[in-house]
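Enquirer: my questions are about this predicted structure, shown below with the sequence.
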Amino acid sequence: MSNDSAAVRRPSIYDVADRAGVSHMTVSRVLNGHPNIRESTRRRVMDAIDEMNYTRSSIARALATNRTMRIGVLVDGPGQYGPNSALRALETAARERGYAVSAFSVADDERQGIDTGVLDLVTQGVDALCVIAPRSSSLALLRQQSTGVPILLVKEEPDAGMHTAAVDQRAGAEAAVRHLIDLGHREILHLAGPLDWFDARARAEAWRNCLEHAGLPVREPEIGDWSSDSGYEFGRTYDFGAATAVFVSNDQMALGVIHGLIESGRRVPDDLSVVGFDDLPDARHFLPPLTTVRQDFTELGRRVMEALLAAIAGDDGTERELIRPALVVRSSTAAPRSR
């Protein structure tokens, strides 16, 4: 490959690490002026940067601005569709702005997960931290950490001392419940996600507020764990009484709810209408195809990256407009049948 061809591809911190024979974390420490680096190692890294600096690369910019051009991301619930999609969208938006992303999944042991994750990411010399799908318990632990970098939370409520960006969870839930009310449903149940999650709490609060505003009865929500299995148990065993519809806090649980309802002899939407949240790629292929709330994760990734760049540049946390989700109406909802 000629030098001209090689110049087309911008060298990354990993390329420099390979050339210098060190880890990418060592390159980050060199770029941040970490004192506990051997001079011989520092020299190898700097030589590798010089050798590979064919263009105004992210490494060159890091040296000029004392930045690593890397964002650290703590992810609660990385196996769930919403957090995983938000992470993928942020990675895409970051690449477009010349940044890389280092992600750390928070373990079930929240204290260990938060402590280990913050240490791991900050040690890499990240320019900022983003927390995707935070829980109230993990956020409380994060507040005890001293990171030295800006922190952004993917949650809709403003948070003192931290930046935020999010999809409007309440607006999405309100659209789902209003759709059911407009169809004529008068007793609408809710299968919530774990209420330690800010998103689950916002959806549950919006469901309750919609029913109360319409003067409709409110049963306490049932609590699932985001999985299809928890939705299945709800659909198969719950005493639905006079209820004719259920708003489910995510599509995975909605899939289980439909399965459980059918197995218990009920039909969707003839006996119960079901609405989910997220618009999984497969939601249109559920039987019946699922009415749900679509979150624009691409736009979320772009907004998060914009807010992170502003925070890195010294923005004090300007309040930003929430992203409006969209209701997608399919065949799992219909007007209630007279009984």
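Expert: Structure's in. What do you need? Residues are numbered from 1 along each chain as shown.

Enquirer: do a quick rundown of the helices in the stretch 201-339 of the chain.
Expert: Assigned by DSSP state H, counting those that start in this stretch, the stretch 201-339 of the chain shows helices spanning 228-237, 251-263, 297-312.

Enquirer: again, but for the stretch 1-150 of the chain
Expert: Secondary structure of the stretch 1-150 of the chain (DSSP H, counting those that start in this stretch): helices at 3-8, 13-20, 24-31, 39-52, 58-65, 81-96, 110-123, 136-142.

Enquirer: out of these, which is the most enclosed?
Expert: helix 24-31 (a mean of 22; mean count of other CB atoms under 10 Å). For the C-beta atoms, the positions are set from N, CA and C on the backbone; glycine is no exception.

Enquirer: residue closest to the middle of this protein?
Expert: The centre of the chain sits closest to P83, judged by CA atoms, centre = their mean, with a distance of 3.2 Å.

Enquirer: what's the spacing between that residue and Y14?
Expert: 25 Å (CB to CB, to the nearest Å).

Enquirer: what of R88?
Expert: Using CB to CB, one gets 19 Å for the distance from R88 to Y14.

Enquirer: partner residues bridging the residue nearest to D296 when sequence neighbours are not counted?
Expert: Excluding the flanking residues, the one nearest D296 by CB to CB, 6 or more residues apart in numbering is I323, at 5.7 Å. Bridge pairing for I323 (DSSP bridges) gives the partners V167.

Enquirer: the strands in the stretch 101-250 of the chain, which residues?
Expert: All strands of the stretch 101-250 of the chain, identified by DSSP state E, counting those that start in this stretch, fall at 128-132, 151-154, 163-164, 188-192, 222-223, 245-248.

Enquirer: for the fourth one, which outside residues touch it?
Expert: Same thing as strand 188-192. Taking contacts as CB atoms under 8 Å, 6 or more residues apart in numbering, the residues outside strand 188-192 that touch it are 177, 180-181, 200, 203-204, 207-208, 211, 216, 219, 221-224, 230-231, 234, 238, 240, 243-249, 253, 257.

Enquirer: who does that strand pair up with?
Expert: Strand 188-192 pairs in its sheet with strand 222-223 (parallel), strand 245-248 (parallel), by DSSP bridges.

Enquirer: tell me the most buried of those?
Expert: Among those, the stretch with the highest mean neighbour count (mean count of other CB under 10 Å) is strand 245-248, at a mean of 30.

Enquirer: so where is this protein shaky, pLDDT-wise?
Expert: Along the chain, the parts satisfying pLDDT under 70 run over 1-12, 28, 31-35, 53-66, 107-112, 316-319, 338-339.

Enquirer: domains of it?
Expert: Domain assignment for the chain by automatic domain parsing gives 3-65, 169-295.

Enquirer: go through these and pick out the most buried.
Expert: By mean count of other CB under 10 Å, the domains of the chain have domain 169-295 as the most buried, with a mean of 20.

Enquirer: end-to-end on that one?
Expert: 9 Å (CA to CA, to the nearest Å).

Enquirer: rewinding a little: wait, which of the helices of the stretch 201-339 of the chain is closest to A100?
Expert: Nearest of the helices of the stretch 201-339 of the chain to A100, taken as CB to CB: helix 297-312 at 12.0 Å.

Enquirer: now the strands paired with strand 188-192 as JSON lines including distance to T147?
Expert: Formatted as JSON lines, these follow (distance: least, CB to CB, whole Å):
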{"stretch": "strand 222-223", "distance to T147": "32"}
{"stretch": "strand 245-248", "distance to T147": "36"}
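
Enquirer: which of those strands sits closest to E96?
Expert: When those are ranked by proximity to E96 (CB to CB), strand 245-248 comes first, at 34.1 Å.

Enquirer: what sits up against stretch 141-154?
Expert: Stretch 141-154 has contacts (CB under 8 Å, 6+ apart) with 72, 74, 86, 110-111, 114-115, 118, 122, 126-134, 139, 159, 162-166, 300, 304, 307-308, 311-312.

Enquirer: return the members of those classed as buried.
Expert: Burial by neighbour count, judged by 16 or more other CB atoms under 10 Å, picks out 72, 74, 86, 110, 114, 118, 122, 126-134, 139, 159, 162-166, 300, 304, 307-308, 311-312 from the contacts of stretch 141-154.

Enquirer: using TSV, lay out the domains of the chain together with distance to F104.
Expert: Below are the domains of the chain laid out as TSV (distance: least, CB to CB, whole Å):
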stretch	distance to F104
domain 3-65	13
domain 169-295	18
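
Enquirer: I'd like the strands of the stretch 101-250 of the chain as CSV, with distance to V275 appended.
Expert: Shown next, in CSV, are the strands of the stretch 101-250 of the chain (distance: least, CB to CB, whole Å):
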stretch, distance to V275
strand 128-132, 24
strand 151-154, 23
strand 163-164, 26
strand 188-192, 9
strand 222-223, 15
strand 245-248, 5
